[in-house]
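1. Got a predicted structure plus its sequence, pasted below:
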Amino acid sequence: MSAYHLPDAEKLAAAHKTLHFFAYLVGAGHHIAAWRHPSANPAAAISFDHYRSLADIAEQGVLDAVFFADSLAVNEQSHHGILDRFDPVGLITALAPVTKNVGLIATASTSYDEPYNLARALLSADRISKGRAGWNIVTTRDLTNTTARNYGRPEHYEHSIRYERAEEFVDVVRGLWRSWEPDAFTYDKVSGQFFDPAKLHRINHRGNLFPQVDGPLNIAPSEQGEPLLVQAGSSEPGIALGARVANAIFTFQPDIPAAQQFRDKIRDKARASGRNPDEVYVLGGISPIVAETEAKAWDLIRELDDLVEEPKILSFLDDYFGHAIDFRQFTQETSVADSGILALPELRKDFWKTHERISGREKSVTLKQLYSHLTGVSFLPDFVGEPEKVADNLIRWFEAGAFDGYILINPLLPRDLSNFVEQVVPILQRRGYSPKSYSHPTLRGRLGLIDG
């Protein structure tokens, strides 16, 4: 089998008939107050046993993958899961031998790494996991240049340069991953041939931002050929990159029409890039809260919200917008319009378009609501309530062509992931929308992305 054949159209079509789930794991949970909850381990983000347990829960639910984000700089305003955390590539490498089926996706930056180093580290994780690794491609956001200074640079790359670098970076990494054909290493003791020289391919890359990368990489491909590529950029350059190379794109959308429009755009751009659009899975970011009744589910949300200190919200926004506004003069109920954010010249023109969940209603959005949006805790009412209701709406959005699956951004861990796996997944399985067992040993194979 060649790991680099184009995916089989029938396998892709079959894989799109069921829902796909990635679980976004960050410490005690994505909610800013998760670590203060009575059930939480405040040091969860630096506990390997915690992440191993969460991966076990994901495998019990036959989820496709667990997903680890990253940040390369911290300060006094950083999220609890960011302040004290593992390197994602190191974490998935450690999880590989203690998990069996679930995919392991690590975030890594094209702005603050070198293609050869990252290609080697990720393919090592892929080999150790027997073809279950993935790379979430990011260019890194850095309004205050704190990340840049951590890496010895006076300032961060300008937005267009970041994406020019990302495009070339990804091409170099993929070229290095394909340095060796899958059956290049013969290990023939009789003839003395360790590998077949005809199946070694130097990439001899010559580019604008990476002037010379010769290769080959010093590790052969895994069972799935190369790690799964994931991306979440919502700007036009980000969408273009994702549609050209990504296998999974995650997004936040406020309703079915907006999600349909985004997914159609991704698929159209993928088709224009010469790809079968079914090679790209669009995953909606949601924060499902499951309880016996809808009222009890909202009580769980309020329980977390009541633990949020207003200064934390304001200091987060102060940092997010590069200290351009003194948010200490406001309260969390101050409107975005009254805060002066809309007049910031530093904001790109497409800022509110990028954040479509609140685009068009900025004047009525409070700073607390803006904070919740920017931190990715997405309490869409469709996914808050009884298990049957949540399952019904997951299917409704899927059947409407809004998403190919979902990335579960759990506010409190392990509670919310366990509740989803134990209460919602069995309903989806009974209805034929989720598998009861893993269909393929590799992550790409489960998504129909390899031909064997």
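-> All right, it came through fine.
2. Looks like T93 contacts R132 (just checking).
-> No. With contacts counted by CB atoms under 8 Å, T93 stays clear of R132, the gap being 11.3 Å. Placement of C-beta: from N, CA and C, glycine included.
3. between those two, who's got more neighbours?
-> More crowded of T93 and R132, by other CB atoms under 10 Å: R132, with 31 against 21.
4. How much space separates G448 from D8?
-> Distance, G448 to D8, by CB to CB, to the nearest Å: 7 Å.
5. between these two, which one's more packed in?
-> A side-by-side neighbour count of G448 and D8, using other CB under 10 Å, places G448 first with 23 against 15.
6. Am I right that that one sits in a helix?
-> No. Assessed with DSSP: H, G, I helix; E, B strand; the rest coil, G448 is coil; it does not lie in a helix.
7. which residues does it contact?
-> 7-8, 11-16, 278 (CB atoms under 8 Å, 6 or more residues apart in numbering).
8. What of G432?
-> By CB under 8 Å, 6+ apart, the residues touching G432 are T18.
9. my read is it is in a helix, agree?
-> No. Counting by three-state DSSP, G432 falls outside a helix, being coil.
10. now it: how far from K189?
-> As judged by CB to CB, G432 and K189 stand 50 Å apart.
11. what's the answer for A44, then?
-> Computed with CB to CB, the distance linking A44 and K189 is 48 Å.
12. What is the burial count for T107?
-> By other CB under 10 Å, 20 other residues sit near T107.
13. Am I right that it falls within a strand?
-> Yes. Under three-state DSSP, T107 sits within a strand.
14. Checking S372 next. Helix, strand or coil?
-> The assignment at S372 comes out as helix when based on three-state DSSP.
15. Local confidence estimate at the closest residue to it other than its chain neighbours?
-> Distances taken as CB to CB, 6 or more residues apart in numbering place F379 nearest to S372, at 7.4 Å, with adjacent residues excluded. We have a pLDDT of 78 for F379.
16. likewise E158?
-> pLDDT, read off for E158, is 88.
17. rewinding a little: so A44 and K189 - more neighbours on which side?
-> More crowded of A44 and K189, by other CB under 10 Å: A44, with 25 against 8.
18. ok, the more buried one touching H50?
-> Yes. Using CB under 8 Å, A44 is in contact with H50, at 4.6 Å.
19. Which residues are in contact with each of these two?
-> 27, 413.
20. Kindly list the longest helix within the protein.
-> Across the chain, the longest stretch assigned as helix under DSSP state H is helix 159-177.
21. any idea how far F21 is from V102?
-> Computed as CB to CB, the F21 to V102 distance reads 10 Å.
22. what residues are shared contacts of those two?
-> Common neighbours of F21 and V102 (criterion: CB under 8 Å, 6+ apart): 63-64.
23. can you pull out the strands in the stretch 151-300 of the chain?
-> Assigned by DSSP state E, counting those that start in this stretch, the stretch 151-300 of the chain shows strands spanning 185-188, 193-195, 228-231, 248-251, 281-286, 289-290.
24. Export the ones you listed as a markdown table, with columns for distance to S372 and mean pLDDT.
-> Below are the strands of the stretch 151-300 of the chain laid out as a markdown table (distance: least, CB to CB, whole Å; pLDDT from 0 to 100):
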| stretch | distance to S372 | mean pLDDT |
| --- | --- | --- |
| strand 185-188 | 51 | 96 |
| strand 193-195 | 53 | 96 |
| strand 228-231 | 23 | 98 |
| strand 248-251 | 17 | 95 |
| strand 281-286 | 13 | 96 |
| strand 289-290 | 13 | 97 |
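25. Of all these, which one comes closest to E303?
-> strand 289-290 (10.3 Å; CB to CB).
26. Return the distance of the closest one from the chain's centre.
-> The chain centroid and the centroid of strand 289-290 are separated by 21 Å, computed with CA atoms, centre = their mean, to the nearest Å.
27. can you check stretch 204-211 too?
-> With CA atoms, centre = their mean, you get 28 Å for stretch 204-211.
28. Likewise for stretch 180-191?
-> On CA atoms, centre = their mean, the centre of stretch 180-191 falls 36 Å from that of its chain.
29. what's the answer for stretch 176-185, then?
-> Centroid separation for stretch 176-185 versus its chain: 27 Å, with CA atoms, centre = their mean.
30. Could you shift the numbering so residue one becomes 329, and keep it that way?
-> Okay, using 329 as the starting number, the last item reads as stretch 504-513.
31. That stretch: end-to-end distance?
-> End-to-end distance for stretch 504-513: 16 Å, by CA to CA, to the nearest Å.
32. again with stretch 562-581
-> Per CA to CA, stretch 562-581 runs 11 Å from first to last residue.
33. Identify the residues contacting the spatially closest residue to N536 that is not a sequence neighbour.
-> The shortest distance from N536 to any non-neighbouring residue, by CB to CB, 6+ apart, is to E496 (6.8 Å). Contact analysis of E496 by CB under 8 Å, 6+ apart lists 535-538.
34. Just the pLDDT for E496.
-> Model confidence at E496, given as pLDDT, is 98.
35. which residues of the stretch 329-478 of the chain fall in helices?
-> Listed in chain order, the helices found in the stretch 329-478 of the chain under DSSP state H, counting those that start in this stretch are 337-343, 376-388, 408-411, 416-423, 443-456, 474-478.
36. where does the protein dip in pLDDT?
-> 329-334, 405, 471, 673-691, 701, 703-706, 779-780 (pLDDT under 70).
37. now do 50
-> Applying pLDDT under 50 to the chain picks out residues 329-331.
38. contacting residues for T438?
-> By CB under 8 Å, 6+ apart, the residues touching T438 are 465-468, 490, 493-494, 497-498.
39. For S452, grab the count of nearby residues.
-> Neighbour number of S452 under other CB under 10 Å is 17.
40. hang on, isn't it packed against N546?
-> No. Contact criterion CB under 8 Å: S452 and N546 do not qualify, at 10.0 Å.
41. need the contact list for I385.
-> Neighbouring residues of I385 by CB under 8 Å, 6+ apart: 742, 745-746, 749.
42. Let me know the closest of these to S692.
-> Out of the contacts of I385, the member with the shortest distance to S692 (by CB to CB) is L745, at 32.4 Å.
43. which residue packs closest to that closest one, ignoring adjacent ones?
-> By the measure of CB to CB, 6+ apart, the closest residue to L745 outside its immediate chain neighbours is N738, 4.9 Å from it.
44. Can you report how many residues lie near the one you found?
-> Neighbour count of N738, defined by other CB under 10 Å: 27.
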